[in-house]
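**Student:** Here is my input; please provide its structure:
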Amino acid sequence: MTSPTDSPGHRFPRAVFARGTEPDARFSLANERTFLAWTRTSLALIAGGVALEALGLDLQPQLRLAASLVLIIVGAVLPLASWIAWAYTERAMREARHLPHPPVGAALAVTLAVAGVLVLLAVLLR
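**Tutor:** Residues are numbered from 1 along each chain as shown. Below you'll find the predicted structure:
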């Protein structure tokens, strides 16, 4: 039995749920799991950035700080980007359109490459 608050006009965000038709629940749940995986990844990035700086490793201090900041900043922005990706994907499924390209993965790859190069330089220049 459904309640009046289960109708699409009462679900948040309305810009997503008020459009199209309800997709197969398995696809919506998979989309939600992807969002939650990106959220876990953001927590790992923040933890890695904090650990890199807090452990005080024998690395070049400015480069260590730069790598830490890159990880922490991207970890802080990633949940918002993954929420936007979730909304675009959910809306596309509801409107029976092709799924959008997920830009979050490319951003994560660039972030890890930059942080890795900074740590490598910090090791070489200590």
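**Student:** Regarding Leu29, what is its secondary structure?
**Tutor:** helix (DSSP: H, G, I helix; E, B strand; the rest coil).
**Student:** Tell me where the chain has strands.
**Tutor:** If you assign secondary structure with DSSP state E, the chain ends up with no strands.
**Student:** shaky segments in it?
**Tutor:** Counting by pLDDT under 70, the ranges of the chain that qualify are 1-9.
**Student:** 90 instead?
**Tutor:** For the chain, the stretches flagged by pLDDT under 90 are 1-19, 56-57, 101-108, 126.
**Student:** and the gap between Glu53 and Ala66?
**Tutor:** With distances taken as CB to CB, to the nearest Å, Glu53 is found 10 Å from Ala66. Bear in mind the C-beta positions are built from the backbone N, C-alpha and C, glycine included.
**Student:** Next: Leu80.
**Tutor:** Separation of Leu80 from Ala66 (CB to CB): 22 Å.
**Student:** The two: which is more packed in?
**Tutor:** Set side by side, Leu80 and Ala66 show more neighbours around Ala66, with 17 against 10, by other CB atoms under 10 Å.
**Student:** Touching, that one and Leu118? I think so.
**Tutor:** Yes. Taking CB atoms under 8 Å as the definition, Ala66 is a contact partner of Leu118 at 5.2 Å.
**Student:** Flag every buried residue along the lengthiest helix in the chain.
**Tutor:** Among the elements of the chain assigned as helix by DSSP state H, the one spanning the most residues is helix 61-94. Residues 63-68, 70-72, 74-75, 78, 81-82, 85-94 are the ones in helix 61-94 that count as buried (16 or more other CB atoms under 10 Å).
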